[in-house]
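Visitor: just need the structure, nothing else, for what follows:
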Amino acid sequence: MSKIFPYKRLTLLLWYHGTVMNRRFIYSKGLLLILLLCLSAQAVDRSNFKTCDQSSFCKRQRELKPGQSPYRALLDTLELSDSRITLQLINDNNKVRLLLELYRLQGNMTRVKINELKPLKPRYEVPDVLISDPLTEPLSVVSQDENSLVLCLGGKERRLIVSAQPFRLDIVEGPQVLVSLNSRGLLAFEHLRARKDTSISHKISSTVGSMWDSLKNIFSSKSESEEMTGQESVEKQSDEDEQIKEEEDKPGMWEETFKSHSDSKPNGPSSISLDFSLPGVEHVYGIPEHADTLKLKNTDGSDPYRLYNLDVFQYELHNPMALYGAVPVLISHNTERTMGIFWLNAAETWVDISSNTAGKTLFGKMLDFVQVSSEAPQTDVRWISESGIIDVFIMLGPKPTDVFTQYASLTGTQSFPPLSTLAYHQCRWNYNDQEDVKAVDQGFDEHDIPYDFIWLDIEHADGKRYFTWDPSKFPQPKDMLQGLMAKKRKLVAIVDPHIRVDSGYKIHNEIRSKSFYVKNKDGGDYEGWCWPGNSGYPDFTNPEMRAWWASMFAYDQYEGSMENQYIWNDMNEPSVFNGPEVTMHKDALHGVWEHRDVHNLYGLYVQKATADGLIQRSGGVERPFVLTRAFFAGSQRYGAVWTGDNAAEWGHLKISIPMCLSLGLVGISFCGADVGGFFKHPSTELLVRWYQAGAYQPFFRAHAHIDTPRREPWLFGPENTGLIREAVRQRYALLPYWYQLFYNAHHTGQPVMRPLWVEYPEDVATFSIEDEYLIGKDLLVHPVTDEGATGVTAFLPGKGEVWYDVHTFQKHDGDQSLYIPVTMSSIPVFQRGGSIICRKDRVRRSSSCMENDPYSLYVALSSQGSAEGELYIDDFHTFNFETSKQFVHRHLSFSANMLSSRNLSPDSQFSTDSWIEKIVIIGGSQPSSVTLRNADGTESTLEFEFDSTHAVLTLRKPAVNAAADWTVLLR
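Guide: Next up, the predicted model:
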């Protein structure tokens with residue numbers, strides 16, 4: 001929450017930190033200016049955040065012209081082992097050598113790593129994101145000549161071609177080029193070097209130059225040595241020195257200033273860049289987080305997409321600016337193939353996207369493999385990062401589901417959340433005190449609206465000292481938690497990663513005594529301003545720090561906490577109010593590494609440490625729930641994310657759909673947006689529509705800024721209360737379906753909320769749709785996101801398929817755009833013909849109250865009269881499903897007028913009190929009789945009703961246990 005201080009709170013803040021500010025008068029004036037600017041701001045102040053031109057490395061890299069690559073592959077340095085191939089690259093402009101590593105990975109993936117052969121010091125390689133070292137498969141050389149090397153990637157036709165001069169990689173399958181690397185010649189690797197403006201650094205540089213000369217003599221071929229005379233060597237060395245000097249003269253290489261902030265850049269320039277060409281591709285997706293369209297836009301003539309976790313106040317829409325999280329994964333798709341590019345780098349990164357034609361980048365040996373029209377579409381993607389190495393995974397699909405599986409094999413799957421966290425969450429900044437929490441809790445009961453979680457923001461803590469409670473507002477937190485527990489409800493409290501510098505604060509004292517804070521460039525504890533005032537920032541890249549942080553969630557450490565309290569990590573980009581771009585200085589230190597190297601990892605580490613703490617406090621039994629604002633690749637393993645500080649505007653409601661779809665494509669399924677908008681006050685119509693949309697998104701939470709009027713669901717008149725109640729109740733009825741989808745996501749990596757093209761990959765009409773989406777593969781949702789709408793047009797995909805309105809059971813053919821009249825009560829949702837969805841139609845005050853309630857099965861028949869689905873049940877909150885296989889997993893199928901349930905996991909063991917209460921078969925015909933056959937062969941007749949208008953058959957009270965084998969026969 002980029003929360004704005006209201007005037008009445010500004011005075012309090014200045015008084016509260018008066019002693020600190022008296023000691024740091026100039027410093028405090030800067031903070032006051034920041035706060036006053038915030039007060040007058042109506043939207044993001046773009047001047048607070050860099051453009052590419054203001055980011056010196058991005059500007060330098062973008063100035064490079066395509067087609068002038070200085071890099072050459074030295075094929076005679078080839079080394080082949082069981083797991084990889086290595087060879088050296090040389091920059092012919094400066095003779096700096098790089099090491100190229102090529103890996104063929106299991107699951108149809110290729111890994112490419114490029115680093116300096118002999119860097120002055122190690123360059124950062126991202127740890128902890130990959131779940132393990134990826135399994136490799138043997139690479140073999142198919143052929144080689146003086147300018148190319150052909151490697152086998154498996155099968156008869158998949159090859160990796162290395163072209164030597166200029167260096168280039170192509171992955172081909174038969175006659176088709178799948179992806180090319182450095183085809184535009186934009187590989188650039190700024191080698192680490194000594195600064196030349198002092199005599200000592202000049203000596204170091206000379207020594208380094210001699211070292212490179214020695215390496216050149218060792219590795220150069222005989223013919224290269226013979227071609228260059230001594231005089232020519234001197235002249236070429238002189239040219240090299242001039243080139244290096246020219247590079248150093250570029251502004252921002254050794255020191256950079258943005259506004260009043262200086263970046264000392266002790267290691268000098270270190271950026272990297274590589275371009276990728278995707279022939280035949282027009283649609284690319286991913287690289288969240290941006291408030292932009294699902295399909296990524298061409299960035300020619302504008303800024304690239306930026307990946308740099310930042311606390312952006314009331315962000316703009318349709319903008320490539322960086323936001324709170326960064327997942328450097330891009331997905332390409334056309335009718336023939338889906339692929340992914342995973343750029344494993346945690347530094348500030350920019351991504352350029354442009355289009356040309358495939359023919360422009362084909363040359364040499366590729367012509368033997370390729371016959372492509374010069375008019376064929378092509379998308380070119382260029383990645384630019386400030387530091388680190390090039391470490392890229394190319395996921396070759398070919399189907400969307402294959403890419404999701406491939407990425408999950410690298411970074412893991414979505415954590416399996418407790419069922420209650422998939423229900424409704426009520427939040428605002430801030431519920432004032434224990435009495436306020438109690439009153440809101442009672443308000444939900446009085447208005448018959450279910451909810452599972454109430455949330456407490458920063459004001460609940462004692463002076464914003466996290467892990468504490470305000471003694472006047474929350475004097476008995478356990479009483480409050482026990483009151484919620486009695487109703488089977490829970491609470492989330494915020495714990496942010498900025499720690500108040502206060503000698504009377506235990507958390508601060510322990511972190512300082514253990515030297516766990518991030519350090520400034522001079523070696524002292526890094527301090528900046530955030531909600532508590534002067535704050536320290538724990539170094540979450542340190543595993544010892546993370547282990548200590550996790551231990552602070554133990555019940556005997558976090559006083560007043562209980563098992564029904566969960567955690568929210570906000571401001572973990574990290575947010576530093578008086579830092580450059582409202583974040584940490586890049587030359588701050590995490591051990592031996594600069595913050596510039598690890599920046600985008602910080603939020604992931606905070607969430608990981610917090611989730612570990614919640615698991616440990618239960619002895620490893622209970623699944624955690626942690627919401628984070630900042631994230632990176634792999635964050636899906638630790639909990640949920642939300643789209644940050646949005647606004648109560650129709651545009652923000654609309655953009656929540658592509659934002660969450662983009663996250664789902666890169667592994668993060670547990671996504672939602674603040675219902676109603678965080679900033680500003682929504683109109684009643686907007687609020688109702690947002691509840692209706694949020695009820696059909698994975699994370700369902702209402703949230704509001706402290707300065708907005710209260711907006712609990714019953715404050716907008718009885719009619720609107722009823723509309724909100726109905727939307728929330730629809731969410732609760734579908735919780736079994738949501739839970740089953742998250743179980744599958746946890747096991748397979750498939751997204752829960754998905755674009756239509758994922759399930760209809762050959763239908764070009766679906767490729768750019770972002771105002772509707774699928775939940776799993778069986779529910780299609782088209783929220784109403786326009787003010788005053790009287791109708792929406794939904795595209796129902798699938799030629800020969802049918803879809804059913806879940807509210808009216810009206811049948812519609814697939815492969816059509818359907819106009820749907822809407823009123824304020826309308827939520828357009830369709831069930832796919834051929835699916836079976838399990839629901840719980842007895843909605844109670846919380847999901848935990850419904851755990852043993854009966855299920856209703858909604859069987860939507862395909863045009864062939866068949867359907868299938870799944871039912872998953874466990875204890876809904878522990879790891880027992882994983883550690884001791886305590887779960888029920890059933891396959892439900894309907895064909896030939898017979899509906900059956902069979903066990904998908906015979907070796908699992910779990911008993912449930914839930915039973916099948918109702919079966920609704922949609923799109924069928926009226927039977928003369930219905931018979932239930934139990935597992936022991938006994939049969940009984942079932943009562944039924946048939947609605948001939950909509951062809952709906954309802955079977956009441958089959959009364960079979962949800963875990964049992966059974967068959968229903970229609971005669």
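Visitor: distance of residue 786 relative to residue 807?
Guide: In this view, residue 786 and residue 807 are 20 Å apart by CB to CB, to the nearest Å. Where C-beta positions appear, they are placed from N, C-alpha and C, glycine not excepted.
Visitor: please read the previous query as pertaining to residue 754.
Guide: Separation of residue 754 from residue 807 (CB to CB): 22 Å.
Visitor: so between the two, which is more surrounded?
Guide: Neighbour count, other CB atoms under 10 Å: between residue 754 and residue 807, residue 754 has more, with 21 against 13.
Visitor: in space, what's closest to that one - neighbours in sequence excluded?
Guide: Excluding the flanking residues, the one nearest residue 754 by CB to CB, 6 or more residues apart in numbering is residue 774, at 4.9 Å.
Visitor: quick check: phi and psi on that neighbour?
Guide: Phi and psi for residue 774, reported as degrees, to the nearest 10, are phi -110, psi 140.
Visitor: same deal with residue 693?
Guide: The phi/psi pair for residue 693 (degrees, to the nearest 10) reads phi -70, psi -40.
Visitor: that one: what's it in contact with?
Guide: Taking CB atoms under 8 Å, 6 or more residues apart in numbering as the criterion, residue 693 is in contact with 653, 656, 657, 783, 784, 785.
Visitor: farthest pair in those?
Guide: Across the contacts of residue 693, no pair lies farther apart than 656 and 784, at 13.2 Å, counting by CB to CB.
Visitor: could you report the neighbour count for the residue nearest to residue 754?
Guide: The number of residues packed near residue 774 is 24, by other CB under 10 Å.
Visitor: that one contacts residue 757, doesn't it?
Guide: No - counting by CB atoms under 8 Å, residue 774 does not reach residue 757; the two are 9.8 Å apart.
Visitor: please tell me how far residue 613 sits from residue 544.
Guide: Using CB to CB, one obtains 14 Å as the distance from residue 613 to residue 544.
Visitor: again, but for residue 861
Guide: Going from residue 861 to residue 544 by CB to CB gives 58 Å.
Visitor: neighbour count winner among the two?
Guide: Neighbour totals were compared for residue 861 and residue 544, and residue 861 leads with 24 against 11 (other CB under 10 Å).
Visitor: between residue 656 and residue 784, which is the more surrounded one?
Guide: residue 656 (26 against 23).
Visitor: and that one, what element?
Guide: helix 650-665 (DSSP states H and E).
Visitor: list the strands paired with the helix or strand that that helix is followed by, with their directions.
Guide: Next helix or strand after helix 650-665 toward the C-terminus (DSSP H and E): strand 671-672. The pairing partners recorded for strand 671-672 under DSSP bridges are strand 640-642 (parallel).
Visitor: quick one: contacts of the partner strand?
Guide: Residues outside strand 640-642 that contact it (CB under 8 Å, 6+ apart): 325, 417, 421, 625-629, 631, 635, 663, 668, 670-674, 698-699, 701.
Visitor: in strands, which of those appear?
Guide: Here DSSP state E is the test, and those give 626, 627, 628, 671, 672, 674, 701 as lying in strands.
Visitor: could these go into TSV alongside neighbour count, pLDDT and distance to residue 376?
Guide: Formatted as TSV, the ones in strands among the contacts of strand 640-642 follow (neighbours: other CB atoms under 10 Å; pLDDT from 0 to 100; distance: CB to CB, whole Å):
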residue	neighbour count	pLDDT	distance to residue 376
626	26	99	46
627	25	99	44
628	27	98	41
671	27	98	35
672	24	98	39
674	27	98	43
701	23	99	45
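Visitor: of all these, which two lie farthest apart?
Guide: For these, the maximum inter-member distance is 17.2 Å, found between 626 and 674 (CB to CB).
Visitor: which element follows the helix or strand residue 509 falls within toward the C-terminus?
Guide: Residue 509 is part of helix 506-513 when elements are defined by DSSP H and E. Next helix or strand after helix 506-513 toward the C-terminus (DSSP H and E): strand 527-530.
Visitor: output the contacting helices and strands for that following strand.
Guide: With contacts taken as 3 or more CB pairs under 8 Å, 6 or more residues apart in numbering; DSSP states H and E, strand 527-530 sits against strand 533-536.
Visitor: might one say that residue 536 is in contact with residue 497?
Guide: No - with contact defined as CB under 8 Å, residue 536 does not reach residue 497; the gap is 9.8 Å.
Visitor: could you pull out the helices for the stretch 551-700 of the chain?
Guide: Secondary structure of the stretch 551-700 of the chain, counting by DSSP state H, counting those that start in this stretch: helices at 595-598, 602-617, 650-665, 684-694.
Visitor: what about the shortest one, average pLDDT?
Guide: Helix 595-598 carries an average pLDDT of 98.
Visitor: quick one: the helices in the stretch 801-950 of the chain, in order.
Guide: Using DSSP H, counting those that start in this stretch, helices in the stretch 801-950 of the chain cover 880-883.
Visitor: so which elements touch the host helix or strand of residue 115?
Guide: Per DSSP H and E: residue 115 is located in strand 109-116. Strand 109-116 is packed against strand 97-105, strand 390-395, helix 400-411, with contacts defined by 3+ CB pairs under 8 Å, 6+ apart.
Visitor: got a list of contacts for the helix or strand following the longest one?
Guide: Reading on from helix 400-411 to the C-terminus, the next helix or strand found by DSSP H and E is strand 424-426. Contact with strand 424-426 is made by 440, 444, 450-455, 492, 695, 699-702, 712, 728, 731-732, as judged by CB under 8 Å, 6+ apart.
Visitor: now, those that are in helices?
Guide: Residues of those located in helices (DSSP state H): 440, 444, 728, 731, 732.
Visitor: contacting residues for residue 905?
Guide: Residues in contact with residue 905, defined by CB under 8 Å, 6+ apart, are 885, 887, 888, 889.
Visitor: so what's the first one closest to, chain neighbours aside?
Guide: Once its chain neighbours are removed from consideration, residue 885 has its nearest residue in residue 908; the separation is 4.3 Å (CB to CB, 6+ apart).
Visitor: which of residue 536 and residue 497 has more neighbours?
Guide: Using other CB under 10 Å, the more surrounded residue of residue 536 and residue 497 is residue 497, with 27 against 24.
Visitor: ok, now which ones touch that one?
Guide: 537, 538, 540, 569, 571, 572, 574, 602, 606.
Visitor: right, and residue 943 touches residue 956 too?
Guide: Yes - between residue 943 and residue 956 there is a contact under CB under 8 Å: 5.5 Å.
Visitor: who has more neighbours out of these two?
Guide: Between residue 943 and residue 956, counted using other CB under 10 Å, residue 956 has the larger neighbour count: 14 against 10.
Visitor: so that one bridges to which residues?
Guide: Going by DSSP bridges, residue 956 forms beta bridges with residue 918.
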